[in-house]
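Participant: Return a 3D structure for these sequence lines:
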Amino acid sequence: MIDNSDIDSRPDIIRLNGVSKHFTVRKDNSLKDRIVHFGRLGKAFREEFTAVEELTLSIKAGTTVGLLGQNGSGKSTLLKLIGGIVAPSTGTVQSRGRVAALLELGAGFHPDLSGRENVYLNAAILGLSREQIDARFGEILEFSGIGEFIDTAVKFYSSGMYVRLAFAVAVHTDPDVLLVDEVLAVGDEAFQRKCMDRIHQFRNEGRTIILVSHSAQQVQELCDRGILLHHGKLVFDGDINGAVDGLRDVLDDRAVGEAPPEETIHPIQVKRIELLDDAGEPIKEISSGAAFTIRVHVDSLRPIERWEIGFSMDTPLGQMVMASNTDVLGVRLDPITGRTRVDLRVAEARFGPGDYFVNANAAGVSEPSSHGLMRGAVLRVRTDNTTMGTVSAAITVDAGVEPS
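Facilitator: Purely as a prediction, here's the structure:
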């Protein structure tokens, strides 16, 4: 687990002070419209749009920050401001060290150049010398999996090939700050896992990562801080779980922290899922077979005499690999009268390597009610066993000559 106990003593690597970004949106898109409306009347066909408004924040070195918000909230513009791709209309943006940006699909690639030529071009823009690129080219090519297509013009690449090559270049330029904007949504599962492994490696090395993703589980897995934007304004900055809760409020058209309408409130609610080791410390990964505890935080609006709780674990493709509940286990829970938690200890579960999503559901029995939290936590399992799939096992081989 990453130790963030010294986070307050770390230096700032990104600082934004009073940053705003304005764009002019034209409504007269054709040449004819522009000629007809040229002059004073043309102002009626132009509109000022504020993508980011009066934003002040700082980001410490070695932290992983998730940028959250609806489409059009200003997340991508903020990343471009941090990366120096666009200049602020007002305010200042300061950064230290080398910044590698994975923003729009294939951004920075010249379509008529080959993959090889684009590797050298992009790596040079990011500050590497010809000798450094030569030394790392083999690793970049292997990571991307492009193979013989490296000498093909990138305009013939698929979207997945674009992203694989762009990601490979960015992570091999030794960046101090890595900016990632939704590119991990492209590509097959194997490559996404390879990217996630590299981001985990960067976290362990103390690099700074700023990630835009619409996947709540992805940011909860990777990030220790969440920044929530709404219409270009900062509405939440703090714990990543609080940012995800705030995003749900925004998506439901509520102010951050505002309670939902009374008619949509469930009498019993699953608020949060934690994964703990046997010492009670939060975990995000285990070795196969290691025991762990699923802690489910539940709240009830009024006393409920009889209730039950259950959980399930799924693969990224939605295949359930394990599930149980207190009814199956023969456990009767004490009446619930407000906030409580239930610990379900899982021992000797031989998961195969990979990521598993944890879901939980609470249901009233004496008062019919049910509420669930899907993908409330993610558990990464590592194993040295030579097996694949969702089950891990020790396999031995005994081969001999059959008697004739």
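
Participant: contacts and neighbour counts: CA atoms only from here.
Facilitator: OK.

Participant: What's the separation between Gly97 and Leu179?
Facilitator: 13 Å (CA to CA, to the nearest Å).

Participant: quick one: which of the two has more around it?
Facilitator: Shown here are Gly97 and Leu179; by other CA atoms under 10 Å, Leu179 has more neighbours (21 against 10).

Participant: Is it correct that the more buried one is in contact with Arg207?
Facilitator: No - using CA atoms under 8 Å, Leu179 is not in contact with Arg207; the gap is 11.1 Å.

Participant: Next up, the contacts around Val296.
Facilitator: For Val296, the contacting residues are Val270, Lys271, Arg272, Ile273, Glu274, Arg341, Val342, Asp343, Ala360, by CA atoms under 8 Å, 6 or more residues apart in numbering.

Participant: From those residues, list just the buried residues.
Facilitator: Buried subset of those (neighbour count, 16 or more other CA atoms under 10 Å): Val270, Lys271, Arg272, Ile273, Glu274, Ala360.

Participant: Would you confirm that the third one contacts Met374?
Facilitator: No - checked against CA under 8 Å, the pair Arg272 and Met374 is beyond contact range at 10.1 Å.

Participant: Mutual contacts of these two, please.
Facilitator: With CA under 8 Å, 6+ apart, Arg272 and Met374 have no common neighbours.

Participant: what sits against Thr173?
Facilitator: Ala100, Ala123, Leu126, Gly127, Leu128 are the contacts of Thr173 under CA under 8 Å, 6+ apart.

Participant: Please determine how far the third one is located from Ala279.
Facilitator: Pointing back at Leu126 there. On the measure of CA to CA, Leu126 and Ala279 end up 44 Å apart.

Participant: Looking at the two, which has the bigger crowd around it?
Facilitator: Neighbour totals were compared for Leu126 and Ala279, and Leu126 leads with 18 against 8 (other CA under 10 Å).

Participant: Give me the distance between the closest residue to Gly310 other than its chain neighbours and Lys233.
Facilitator: Leaving aside its chain neighbours, Gly310 sits nearest to Asn325 (3.7 Å; criterion: CA to CA, 6 or more residues apart in numbering). Remark: distance between Asn325 and Lys233 (CA to CA) = 42 Å.

Participant: Nearest to Arg203 among the buried ones among the contacts of Val296?
Facilitator: Glu274 (20.6 Å; CA to CA).

Participant: residues making contact with the helix or strand containing Asn359?
Facilitator: Asn359 is located in strand 354-364, with elements delineated by DSSP states H and E. Applying CA under 8 Å, 6+ apart, the contact partners of strand 354-364 are 268-270, 273, 296, 298, 304, 306-316, 369-382.

Participant: same check, this time on stretch 99-117
Facilitator: Under the contact criterion CA under 8 Å, 6+ apart, stretch 99-117 has outside partners 76, 79-80, 83, 118, 122, 126, 149-155, 159, 162-163, 165-167, 170-171, 173, 175-183.

Participant: Tell me the buried residues in it?
Facilitator: 99-103, 105-106, 109-110, 113-117.

Participant: ok, which stretches of the stretch 1-150 of the chain are helices?
Facilitator: Listed in chain order, the helices of the stretch 1-150 of the chain (DSSP state H, counting those that start in this stretch) span 31-36, 75-82, 115-125, 130-144.

Participant: Now the residue lying closest to Ala349 once chain neighbours are set aside, what are its backbone angles?
Facilitator: Excluding its sequence neighbours, the residue lying closest to Ala349 (CA to CA, 6+ apart) is Gly289, at 5.0 Å. Phi and psi for Gly289, reported as degrees, to the nearest 10, are phi 90, psi -10.

Participant: what separates Gly289 from Asn71, distance-wise?
Facilitator: Distance from Gly289 to Asn71, by CA to CA: 41 Å.

Participant: who has more neighbours, these two?
Facilitator: Each of Gly289 and Asn71 has its neighbours counted (other CA under 10 Å); Gly289 has more, 18 against 11.

Participant: Read off the pLDDT value for that one.
Facilitator: At Gly289, the model reports a pLDDT of 85.

Participant: before we move on, what about Asp33?
Facilitator: For Asp33, pLDDT reads 59.

Participant: what do you get for Asn241?
Facilitator: At Asn241, the pLDDT recorded in the model is 78.

Participant: what helix or strand is the nearest residue to it once chain neighbours are set aside on?
Facilitator: In space, and not counting its chain neighbours, Asn241 is closest to Gln220: 6.7 Å by CA to CA, 6+ apart. Applying DSSP H and E as the criterion places Gln220 in helix 216-222.

Participant: what's the average pLDDT for that helix?
Facilitator: 74.

Participant: What helices and strands are in contact with it?
Facilitator: Applying 3 or more CA pairs under 8 Å, 6 or more residues apart in numbering; DSSP states H and E, one finds that helix 216-222 makes contact with helix 240-251, strand 369-382.

Participant: ranking those by mean pLDDT, which is last?
Facilitator: Among the helices and strands packed on helix 216-222, helix 240-251 carries the lowest mean pLDDT (a mean of 78).

Participant: by how many degrees do that helix and strand 369-382 diverge?
Facilitator: Counting by axes from the mean of the first three to the mean of the last three CA atoms, to 10 degrees, helix 240-251 lies at 130 degrees to strand 369-382.

Participant: Could you name the helices and strands sitting against helix 240-251?
Facilitator: On a contact count with 3+ CA pairs under 8 Å, 6+ apart, helix 240-251 meets strand 64-68, helix 216-222, strand 225-230, strand 233-238.

Participant: how is the chain carved up into domains?
Facilitator: 7-251, 266-382 (automatic domain parsing).

Participant: Take the ones you listed and lay them out in a markdown table including distance to Ser392.
Facilitator: A markdown table is the format used below for the domains of the chain (distance: least, CA to CA, whole Å):
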| stretch | distance to Ser392 |
| --- | --- |
| domain 7-251 | 18 |
| domain 266-382 | 4 |
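
Participant: Least confident of the ones you listed, on average?
Facilitator: domain 7-251 (a mean of 82).

Participant: what's next to stretch 122-142, contact-wise?
Facilitator: Counting by CA under 8 Å, 6+ apart, 98-100, 108-109, 120, 147, 150, 165, 168-170, 172-173 sit against stretch 122-142.
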